[in-house]
Each structure stands twice: as C-alpha cells, then as structure tokens.
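[1] Can you look at this prediction? I've put the sequence above it.
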Amino acid sequence: MKSVSIIAVNTFREVIRDRILYGIIVFALLLISLSVVLGGLSFTEQAKISADFGFAGIQIGASILSIFVGSTLVAKEIEKQTILTLLARPISRTQFLMGKFFGLFLVIITVMAGLAAVLALLLIYLRLKVDGLFFIALYGVVLESLILVSITLMFGVISRPVMTVIFASSLFLIGHWVSSFEGLMKIKAMATEPIAIYGSKIAKFVPNLERFNWRSAPVYSTPVPAEDLLYATLYAAGWVLVFLALTSFAFRRRDFV
C-alpha cells in the first residue's frame, strides 16, 4: 500500500505541473462564465440556466482531464524508459497502475473542488440554494470520472495516446447514448430497427454513464433516492474493478525491453 501511495503522490505532483491541466481548468472556467452570459438572456431562468451550464462545465472538464491526461500516464513512463527503473524496485505492475489511477483521480478531485467552489459562489450570488443536491450532482461526476480513468488506463497500456483518446472518447459518448438505445427497444415501431437491436447489444458491454447524471437535481430541486445513490455507487465500483482487472492483465503481459 505504501508503494501505491508513493506513486500516487508522485503522479499527482507530475500532473499538477503539466501545462495541459491549466488549459483544461481555464476551459472549464470559461464554460462556467458562459453560463452566466447565457443565463442573462433569460430574466426568469437565469439561475437555473447558469447552474445547468456550470455543472456541464465541471463534467466536461473532469472528462477531458480523465481522458487526455490519463492517456499519457503510462505512455510517458514507457517512452522515457523510467518504467524499467520503477519496476526494478519491489513494486508490482498492478501497484504501479493503482498508483497512477489514484494519483490522477486525486488531481480530478482537486480540480473539481476548485471549480465547484466557483460555481457555488456563483449560484449563491444568483440566489439559488446550494444544498445536498448540489453535492449529489458533483458526486455523479466523480463516479463517472472514476470509470473514465479506468477505461483510459486500460487503453493506455495497449495502444498509443492518440488511439487511447479516440477509444476512451468513443466509450464516453456511447456510455451516454446507452439509455437512448434502451429506450428505442421499448418503442414497438423501433424495436425491430437495426440501430435499436445492435445498440441494445452493445449497451450490455458498455457502462451506462447516464446513471450518474444528476446535474438537473439541484437546478429543479429534484430529490435523488438513497437507493439510486447506492446502486450507482456499486455500479461504478463494479465497472472500475472490471476495467482495472483487464488493465492489470494486459500490463503484466507487456514487454518493455
């Protein structure tokens, strides 16, 4: 466990110094700022529109951070050959991956906390209540980010960073379309259509990221049942374990010499 924590801390420090991180933060802040402009176009729904776009900005920022930064975590170590030095020590390949996973996740949590603080101050200024639903919406983004990081690491150990970004982004988009495929199968007129049939089959092997979409809850004061939170947590943990297991399996069989 000590080896994992050391790698996690070093990964956190490395990513924090990466310039791409600050580009992503600026991008997310611009989206939150854009929410104020768009909200100003509606005198009656300004706070709700600003909150909706603000949460979207945090989600997009966390997703970009998970995919683009995560795609280079292992690739950098392999390219610089520093992975040989690390693995020569009493550190297993699984511990190395877990350290990278927790290190990047710690960065995501840190960035999200800063963006959430900015959004909370904005909502308070717009006289929108910041309560438990606000943190539930953020929790959904955290669960989604956990899955995205595990997916990106999985592709990162078997492909180049560019392909990793493409594969992870594709699963991210499909994961948000899964609910649409399931909905098509419930419509009799569409149930026999090829897109609905094949889409429903693909949906069984892809995590449904819409299960963590609670961004509208604080906007419209919609309560989220405790059982939904528990199920979503277990659902996310299950997929993370699956992807990390596949990552570890592929990484143990990779030759770096």
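    Ah, there it is.

[2] what are the ranges of the helices in the protein?
    Listed from the start of the chain, the chain has helices (DSSP state H) covering 2-16, 19-39, 46-64, 70-79, 82-88, 93-125, 132-156, 161-185, 188-191, 194-203, 216-220, 226-252.

[3] residues touching residue 20, list them.
    Residues touching residue 20, when contacts are defined by C-beta atoms under 8 Å, 6 or more residues apart in numbering, comprise 68-69. From N, CA and C alone the C-beta is placed, and that goes for glycine too.

[4] Next, find the distance separating it from residue 115.
    Applying C-beta to C-beta, to the nearest Å, one obtains 16 Å for the distance of residue 20 from residue 115.

[5] for residue 76, same thing?
    The span separating residue 76 from residue 115 equals 25 Å under the rule C-beta to C-beta.

[6] Show me which of those two is the more surrounded one.
    Relative neighbour count places residue 115 above the other of residue 76 and residue 115, with 24 against 15, counting by other C-beta atoms under 10 Å.

[7] Next, the contact list for the more buried one, please.
    Contacts for residue 115 (C-beta under 8 Å, 6+ apart) come out as 25, 28-29, 32, 57-58, 61.

[8] at 7 Å instead, please
    Listed by C-beta atoms under 7 Å, 6 or more residues apart in numbering, the contact partners of residue 115 are 28, 32, 58, 61.

[9] any chance of these in JSON lines, with neighbour count too?
    Rendered in JSON lines, the data for those read as follows (neighbours: other C-beta atoms under 10 Å):
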{"residue": "28", "neighbour count": "26"}
{"residue": "32", "neighbour count": "20"}
{"residue": "58", "neighbour count": "23"}
{"residue": "61", "neighbour count": "25"}
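
[10] sorry, back to before: which of the helices of the chain sits closest to residue 209?
    The stretch from those with the least distance to residue 209 (C-beta to C-beta) is helix 161-185; that distance is 3.6 Å.

[11] and the closest one, what other elements does it pack with?
    In terms of contacts (3 or more C-beta pairs under 7 Å, 6 or more residues apart in numbering; DSSP states H and E), helix 161-185 is packed against helix 70-79, helix 132-156, helix 194-203.

[12] Out of the ones you listed, the one nearest residue 247 is which?
    Residue 247 sits nearest to helix 132-156 of all these, at 4.3 Å, using C-beta to C-beta.

[13] For the closest one, buried residues please.
    Across helix 132-156, burial judged by 16 or more other C-beta atoms under 10 Å covers 133-134, 136-156.

[14] could you give the angle of it to helix 70-79?
    Put simply, helix 132-156 runs at 40 degrees to helix 70-79, going by axes from the mean of the first three to the mean of the last three C-alpha atoms, to 10 degrees.
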